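Visitor: Next one to model:
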Amino acid sequence: MATIYDFTVLTSQGEPLDLASLRGKVLLIVNTASKCGYTPQLAGLEELYKQYHDKGLVLLGFPCNQFGGQDPGTDEEIRNFCQVNYGVTFPIMQKVEVNGPHAHPLFKLLKEETSQDSDLPVKPIQWNFNKFLISRDGTEITRYGSAKLPKNLAKDIEALL
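Guide: Next comes the predicted model:
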């Protein structure tokens, strides 16, 4: 069975990032969008990143244009928007799909691993800014919905660090 460490993802600059290189870190993976009502969460995500990065948190933002066409730009435009408007220093990855037949395999795995009941179908991501918090060994994955503010993840992050 695949784990998150079996995947290589691409940064917004097109550089590969082997997730196996992040083993031993706490990961926070978020599907982001630049033109969404939840976009201001980028500032809160950056605060978490600054607060916990030196303690072992890695935050990866994956832009997605599947929800209301709220991230139509190029990878470079999206990265620049995040940096200029929200001071984002955490890695922004290449734009992906998170649902449907073209969903990135990483997001397929994240959804499967956070299903509430194995007898039910995998619950699709409903909107931008779903968050997946992953333990240092990759065995614990907690999923949070769009409305969960980044600052409200601090205790869960601290517990894994």
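Visitor: Where does the prediction get shaky in this structure?
Guide: 115-122 (pLDDT under 70).
Visitor: mind listing the helices for it?
Guide: 41-52, 75-86, 105-113, 154-160 (DSSP state H).
Visitor: nearest to residue 133, of the ones you listed?
Guide: Smallest distance to residue 133 across the helices of the chain (CB to CB): 5.9 Å, for helix 154-160. To be clear about C-beta, it is placed using only N, CA and C from the backbone, and glycine gets the same treatment.
Visitor: and the residue nearest to residue 114 when sequence neighbours are not counted, how far is that from residue 37?
Guide: Leaving aside its sequence neighbours, residue 114 sits nearest to residue 143 (CB to CB, 6 or more residues apart in numbering; 3.9 Å). Remark: distance between residue 143 and residue 37 (CB to CB, to the nearest Å) = 20 Å.
Visitor: for residue 59, same thing?
Guide: Taking CB to CB, one finds residue 59 at 21 Å from residue 37.
Visitor: So for the two, which sits in the more crowded spot?
Guide: Under the neighbour definition other CB atoms under 10 Å, residue 59 and residue 37 were set side by side, and residue 59 has more, 24 against 13.
Visitor: quick one, what contacts the closest residue to the more buried one other than its chain neighbours?
Guide: Computed as CB to CB, 6+ apart, the closest residue to residue 59 that is not its neighbour in sequence is residue 90, at 4.1 Å. Residue 90 is in contact with 45, 46, 49, 53, 58, 59, 60, 61, counting by CB atoms under 8 Å, 6 or more residues apart in numbering.
Visitor: could you dump those to a markdown table with distance to residue 2?
Guide: Formatted as a markdown table, the contacts of residue 90 follow (distance: CB to CB, whole Å):
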| residue | distance to residue 2 |
| --- | --- |
| 45 | 26 |
| 46 | 30 |
| 49 | 26 |
| 53 | 27 |
| 58 | 19 |
| 59 | 22 |
| 60 | 17 |
| 61 | 22 |
